[in-house]
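In: Just need the structure, nothing else, for what follows:
(4 chains)
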There are 2 protein chains.
Amino acid sequence: MRLTTKGRYAVTAMLDLAIHGDAGPVSLADVSSRQDISLSYLEQLFAKLRRNTLVSSVRGPGGGYRLSRPLQQIFIAEIVDAVNESVDATVCGGSTDCQQGEICLTHHLWCDLSDQIHDFLSSISLYSLVERGEVKRISARQDEREHDHGDLSLREVTH
Amino acid sequence: MRLTTKGRYAVTAMLDLAIHGDAGPVSLADVSSRQDISLSYLEQLFAKLRRNTLVSSVRGPGGGYRLSRPLQQIFIAEIVDAVNESVDATVCGGSTDCQQGEICLTHHLWCDLSDQIHDFLSSISLYSLVERGEVKRISARQDEREHDHGDLSLREVTH
DNA sequence: TATTTAACCAAGTAAAACAGTGGGAAATGG
DNA sequence: CCATTTCCCACTGTTTTACTTGGTTAAATA
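Out: Predicted structure coming up:
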């Protein structure tokens, strides 16, 4: 079972797109500075997200990434699945050959757990996250900070 | 969030104790051969399980480990917690300082997920696992294999 | 009492994954 | 043409995992 910073970063970045994507594509440089995630690392994650058709890209100035589906139709489980291999808790990946070609003692337990986690993360869409009070508050704080620093995309700074 | 072979091994080994512990303490050599887990690795895991008072040990010939509580009172979450640091899915460990001293965008999401997983694993006792049909079947198969090999503890072999 | 059995303990190690860096393409808008 | 931004690839330090090696100590038994 894998659920590390990688998956967290991916979800955080996708949520950032969901929040700031109204005015057109969002550049990874913006996401990087708002969410404190290394730009090159983001690029690697978004390569996977793009391969899984969760985002589409626009190259060149003013370009960036946009979500390829409405917020209501993008679920956290998909995002985590896209960057990790899976959220499977079993050794065998569900193929029941965990102990020398045969099923191991706790196989079903880990299957049940995997289902549990997957169902939970599949029940949460980007939309439901954006609508949360705390997310709105935290996002507002991040936008404040961004203004203070003033080191973001030129779109907002230059005349 | 950590949930790897380490935790799986620990649960499998504890379940082995639960199944074979009626006739006295179970040696790690037996567990190792039945469950295909390295003996020395098991020793390391059981050191942690003992520190967390999930098992007690008996040294010397005929010794081994026994569960320090009834099956109904030992839950999977405790076992996983004992060998890993925790099953926490957040970066900050719940202390809300994930982004430069402040809370990050997805903090609550990972908290919810951690709760979800913990509640699930806390709802399953060793007893409920032992009572499962598949566990009984798989355990029976393992005992068969053990007989075929005949390379287990002397307790069962010598007159 | 010597021997065997087993828990206990410490250190090291190969492989993998994680998190991130750096350099340089190619596309695109002004 | 030039700045921006995606895209792509290779490399690196650190941590964790899973496991090995080589012991010591406690207790039962012959």
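In: quick one, strands of chain A?
Out: A:55-58, A:64-67 (DSSP state E).
In: could the ones you listed go into JSON lines alongside mean pLDDT?
Out: Listed next are the strands of chain A as JSON lines, based on pLDDT from 0 to 100:
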{"stretch": "strand A:55-58", "mean pLDDT": "96"}
{"stretch": "strand A:64-67", "mean pLDDT": "96"}
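In: ranking those by burial, who's on top?
Out: Among these, strand A:64-67 has the highest mean neighbour count (mean count of other Cβ atoms under 10 Å in any protein chain shown), at a mean of 20. The C-beta positions use only the backbone N, C-alpha and C, and glycine is treated the same way.
In: which residues are in contact with it?
Out: Residues outside strand A:64-67 that contact it (Cβ atoms under 8 Å, 6 or more residues apart in numbering or on different chains) are A:14, A:17-18, A:21, A:24-28, A:30, A:46, A:49-50, A:54-58, A:74, A:126.
In: Buried subset of these, written for PyMOL?
Out: Selection of buried members from those for PyMOL, criterion 16 or more other Cβ atoms under 10 Å in any protein chain shown:
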select buried, chain A and resi 14+17+18+21+25+26+27+28+30+46+49+54+55+74+126
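In: Cross-check the contacts of strand A:64-67 against DNA strand D and keep the overlap.
Out: A:27-28, A:46, A:50, A:57-58 (Cβ under 7 Å from any atom of the strand).
In: returning to what we had before: minimum distance to residue A:80: which of the strands of chain A has it?
Out: Among those, the nearest to residue A:80 by Cβ to Cβ is strand A:55-58 (14.7 Å).
In: list the contacts for the spatially most central residue of chain A?
Out: For chain A, residue A:11 is the residue whose C-alpha lies nearest the centre (Cα atoms, centre = their mean; 2.3 Å). Counting by Cβ under 8 Å, 6+ apart, residue A:11 touches A:76, A:79-80, B:106, B:109.
In: Do stretch A:65-80 and DNA strand C come into contact?
Out: No - Stretch A:65-80 lies out of reach of DNA strand C by Cβ under 7 Å from any atom of the strand, never closer than 10.8 Å.
In: So for that stretch, first residue to last residue, what's the gap.
Out: Start-to-end span of stretch A:65-80 (Cα to Cα, to the nearest Å) is 18 Å.
In: from the middle of its chain, how far away would it be?
Out: Relative to its chain's centre, stretch A:65-80 lies at 8 Å (Cα atoms, centre = their mean, to the nearest Å).
In: Leaving out chain neighbours, which residue sits closest to whichever residue of chain A sits closest to DNA strand D?
Out: Nearest to DNA strand D, among the residues of chain A, is residue A:57, at 3.2 Å (Cβ to the nearest atom of the strand). Distances taken as Cβ to Cβ, 6 or more residues apart in numbering or on different chains put residue A:65 closest to residue A:57, at 5.4 Å, once the chain neighbours are dropped.
In: Can you tell me how far that neighbour is from DNA strand C?
Out: Taking Cβ to the nearest atom of the strand, to the nearest Å as the criterion, residue A:65 is separated from DNA strand C by 14 Å.
In: what is that residue paired to in the beta sheet?
Out: residue A:26, residue A:57 (DSSP bridges).
In: That one and residue A:51: what is the separation?
Out: Residue A:65 sits 13 Å away from residue A:51, taking Cβ to Cβ, to the nearest Å as the criterion.
In: Residue A:11 now?
Out: Counting by Cβ to Cβ - residue A:11 and residue A:51 are separated by 17 Å.
In: Ok, residue A:125 next?
Out: According to Cβ to Cβ, residue A:125 and residue A:51 sit 21 Å apart.
In: between the two, which one's more packed in?
Out: Using other Cβ atoms under 10 Å in any protein chain shown, the more surrounded residue of residue A:125 and residue A:51 is residue A:125, with 19 against 10.
In: so who does the more buried one touch?
Out: A:71-76.
In: Dump the residues you listed into JSON lines; add pLDDT as well.
Out: JSON lines is the format used below for those (pLDDT from 0 to 100):
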{"residue": "A:71", "pLDDT": "96"}
{"residue": "A:72", "pLDDT": "96"}
{"residue": "A:73", "pLDDT": "96"}
{"residue": "A:74", "pLDDT": "96"}
{"residue": "A:75", "pLDDT": "95"}
{"residue": "A:76", "pLDDT": "93"}
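In: Name the member of those residues that has the highest neighbour count.
Out: residue A:76 (25 neighbours).
In: Apart from its chain neighbours, what residue comes closest to residue A:43?
Out: Leaving aside its chain neighbours, residue A:43 sits nearest to residue A:28 (6.2 Å; criterion: Cβ to Cβ, 6+ apart).
In: Correct me if wrong: the one you found contacts residue A:41.
Out: No - at 9.7 Å, residue A:28 and residue A:41 do not qualify as touching, with contact defined as Cβ atoms under 8 Å.
In: For residue A:37, grab phi and psi.
Out: phi -120, psi 130 (degrees, to the nearest 10).
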